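> Fold the following and give me the result.
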Amino acid sequence: MKAETPVKLLKISVYGWTFYLPQIITLSMIGSLAGIYGFLIVFLTASIGYTVRALIMMGISVGIMCVLFQKKPSLDAFDYFLPLSGWGILSLLLRTVNWMAPQILQVRILVEQISLLTAWFLSYYTLGKLFKENKSTTRPVVVALLIAVLLFFLLPPPI
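Numbering: from 1, shown residues only. Down below sits the predicted model:
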């Protein structure tokens, strides 16, 4: 195991955690009704649960692509899920602004949904490009987008 592997695994976990960050914070606020300890307990359990869910989603995607295109799995493939991580931060910022200005609810929902779909399919599109062997074939990109649609329904993103 290389020395950079633990850092890479931590970075991948942070990608998954930030993807579900808006849901983690929302659940934690509900837990805060039981006091500070309720907040901390719900925050920790939601963080662990949602991070594991994101890692499963990313692992299934990369695993299927590696099996179908007979490539050795690499931790570098997980870097292509960075747009989903960015979406989580954007969504949290939008929800914070919405909390301060409730009249923008419809705009927030619309921007969140469009940016989620964009980040979701951009992540899978770039993952498919990683598996392309030559410039003329589009098969890996199409397969990656099909996996994106399949996982969108099997492990739905935080809509």
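> Flag every buried residue along the top helix by length along the chain.
If you go by DSSP state H, the chain has its longest helix at helix 36-68. By neighbour count with 16 or more other C-beta atoms under 10 Å, helix 36-68 contains the buried residues 39, 42-43, 46-47, 50-51, 53-55, 57-58, 61-62, 64-65. Just so you know, the C-beta spots here come from the backbone N, C-alpha and C atoms, and that holds for glycine as well.
> Tell me the secondary structure of Thr137, please.
coil (DSSP: H, G, I helix; E, B strand; the rest coil).
> From Leu130, how far off is it?
13 Å (C-beta to C-beta, to the nearest Å).
> Likewise for Leu55?
18 Å.
> Ok, Thr96 next?
34 Å.
> So if I had to pick from the two, which one is more boxed in?
Leu130 (18 against 12; other C-beta atoms under 10 Å).
> from the buried residues of helix 36-68, which two are the most distant?
Phe39 and Met65 (38.5 Å; C-beta to C-beta).
> can I assume Tyr15 is in contact with Leu82?
Yes - Tyr15 is within contact range of Leu82, at 6.4 Å (criterion: C-beta atoms under 8 Å).
> So if I had to pick from those two, which one is more boxed in?
Shown here are Tyr15 and Leu82; by other C-beta under 10 Å, Tyr15 has more neighbours (24 against 17).
> which stretch of helix or strand covers the closest residue to Phe152 other than its chain neighbours?
Spatial nearest neighbour of Phe152, excluding adjacent residues (C-beta to C-beta, 6 or more residues apart in numbering): Trp120 at 6.7 Å. Secondary structure assignment for Trp120, by DSSP states H and E: helix 105-130.
> Okay, buried residues for that helix please.
Those would be 108, 112, 115-116, 119-124, 126-128, 130, for helix 105-130 by 16+ other C-beta under 10 Å.
> And the helix or strand that that helix is followed by, how far out from the chain middle?
Remark: after helix 105-130, the chain's next helix or strand is helix 139-154, criterion DSSP H and E. Relative to the centre of its chain, helix 139-154 is centred 15 Å away, using C-alpha atoms, centre = their mean, to the nearest Å.
> Contacts only, for the nearest residue to Ser47 once chain neighbours are set aside.
Sequence neighbours aside, Ile24 is the residue nearest to Ser47 in space, at 5.5 Å (criterion: C-beta to C-beta, 6+ apart). Applying C-beta atoms under 8 Å, 6 or more residues apart in numbering to Ile24 gives the contacts 17, 43, 46-47, 50.
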